[in-house]
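Q: Provided below for reference: sequence and predicted model.
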Amino acid sequence: MPETAQTAPAVQKKGMSKGLRGSLVAYSFIAPNFIGFCIFTLIPMVFAIGLAFCDWDGVHAVEFIGLQNFIDLLDDNTFKASFVNTIVYTVGTVPLTLVCSLGLAVLLNQKVKCRNFFRTVSFFPYVASLVAVAAVWNMIFSPSMGPVNQLLASLGVENLPRWAAGKETAMLTVILFSVWKNMGYYMVIYLAGLQGTNLELNEAAELDGANKWQIFWHVVLPQLRPTTFFVIIMLTISSFKVYDQMYMITQGGPGNATMTLVYDIYNVAFVNTPRYGYASAISMVLFVLVLIVTIVQFRGSAANE
């Protein structure tokens with residue numbers, strides 16, 4: 001009996017030691033990514049939140065100024081233009097990309113000839129170099145020598161659009177470019193969703209006399225609701241953070257016609273006289289905007305379930 005009493009704590013201690021060793025092994029796999037997240041994401045994010053209430057040019061000492069940066073935003077015409085442009089770009093890009101990617105997915109989910117070829121061609125703009133495709137896009141929509149304007153001129157159109165060079169059409173040009181470049185990626189996501197739908201429901205609806213449109217609208221589309229919600233969330237967040245398309249095609253111009261919040265943040269922090277606190281304040285506005293839209297979308301999705 002005493003021997004058993006002595007053995008029990010030893011076994012228990014050995015088990016705890018083994019469990020601790022297993023936990024350390026598990027955390028060792030997580031540690032590299034977690035440390036990188038803390039150093040390159042979490043700490044800069046916390047620093048940016050604090051910096052939004054300060055004035056700092058990177059040379060002189062940091063000066064706490066409270067809400068002054070946010071007050072200055074109210075009189076900043078560039079910020080106002082970038083805020084409106086970001087909303088316009090998001091409203092124009094998200095539904096158009098959603099419809100085009102879903103339409104492509106439905107079409108290329110059918111048994112058509114060269115289906116794999118067309119899937120590859122549709123996905124190629126997403127993986128292609130942004131510099132290359134932007135250069136090609138600017139050539140296609142060139143106001144003077146572009147094939148699009150040449151086609152419009154041959155059809156008798158007199159006032160040809162200036163596309164990226166015109167204030168009225170620059171945002172439309174960037175929206176069309178973004179839709180064309182990104183719809184292949186979301187097409188793949190929708191293809192995965194379509195292949196996970198229940199085909200027996202389609203057959204049952206067809207036996208009940210439903211046509212193809214009714215089957216798609218009342219049977220297929222409801223099954224794609226989780227996929228659609230994911231696509232909307234990802235599209236919305238990426239649209240609010242847009243920068244590279246604007247930089248490559250219009251450089252935020254003409255004027256401030258395509259200036260977005262992220263582009264404005266870049267200019268304030270790195271192009272003009274550095275105002276890191278002011279740039280952080282704009283970042284906080286963007287963060288709150290994305291947060292509000294995401295919460296609304298989550299609640300809307302939950303209400304529809």
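A: The structure has been received and is ready for your questions. Numbering: from 1, shown residues only.
Q: From now on I want contacts and neighbour counts done on CA atoms only, so please keep to that.
A: OK.
Q: What are the boundaries of the strands in the protein?
A: Counting by DSSP state E, the chain has strands at residues 54-55, 63-64.
Q: where's Leu42 relative to Thr197, distance?
A: Counting by CA to CA, to the nearest Å, the gap from Leu42 to Thr197 is 39 Å.
Q: residue nearest the centroid of this structure?
A: For the chain, the residue sitting closest to the mean C-alpha position, by CA atoms, centre = their mean, is Ser238 at 1.6 Å.
Q: what's the neighbour count on Leu20?
A: 12 (other CA atoms under 10 Å).
Q: and what of the one 3 residues further on?
A: Other residues lying near Ser23 total 11 when counted by other CA under 10 Å.
Q: what's the closest of the strands of the chain to Arg115?
A: strand 54-55 (56.2 Å; CA to CA).
Q: which residues are in contact with that closest one?
A: Val62, Glu63, Phe64, Ile65, Gly66, Asn69, Arg275, Tyr276, Gly277, Tyr278 (CA atoms under 8 Å, 6 or more residues apart in numbering).
Q: go with 7 Å
A: Applying CA atoms under 7 Å, 6 or more residues apart in numbering, the contact partners of strand 54-55 are Val62, Glu63, Phe64, Ile65, Gly66, Gly277.
Q: who does the second one bridge with?
A: By that I understand Glu63. Assessed by DSSP bridges, Glu63 has beta-bridge partners Asp55.
Q: Burial check on it, number of neighbours?
A: For Glu63, the neighbour count with other CA under 10 Å is 13.
Q: Wait, Met269 touches Ser280, no?
A: That one is not Met; residue 269 is Ala. No - taking CA atoms under 7 Å as the definition, Ala269 is not a contact partner of Ser280, at 8.6 Å.
Q: what about the two, which has more around it?
A: The neighbour comparison of Ala269 against Ser280 (other CA under 10 Å) goes to Ser280, with 26 against 19.
Q: show me the contacts for the more buried one.
A: Here Ser280 is in contact with Ala48, Ile49, Leu51, Ala52 (CA under 7 Å, 6+ apart).
Q: if you set the cut-off to 10 Å instead, what comes out?
A: 45, 47-55, 69-70, 265, 268-269, 286 (CA atoms under 10 Å, 6 or more residues apart in numbering).
Q: Determine which two of those residues are furthest apart.
A: Greatest spatial distance in the contacts of Ser280: Asp55 and Leu286, 19.0 Å, computed using CA to CA.
Q: got CSV for the strands of the chain, with mean pLDDT and distance to Leu104 too?
A: Output for the strands of the chain, formatted as CSV (pLDDT from 0 to 100; distance: least, CA to CA, whole Å):
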stretch, mean pLDDT, distance to Leu104
strand 54-55, 92, 48
strand 63-64, 92, 52
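Q: low-scoring stretches of the stretch 51-200 of the chain, by residue?
A: Applying pLDDT under 70 to the stretch 51-200 of the chain flags no residue at all.
Q: how does it look with 80?
A: Applying pLDDT under 80 to the stretch 51-200 of the chain flags the ranges 112.
Q: Helices of that one, residue ranges please.
A: Per DSSP state H, counting those that start in this stretch, the stretch 51-200 of the chain carries helices over the ranges 68-73, 77-108, 115-127, 130-140, 147-154, 170-195, 199-207.
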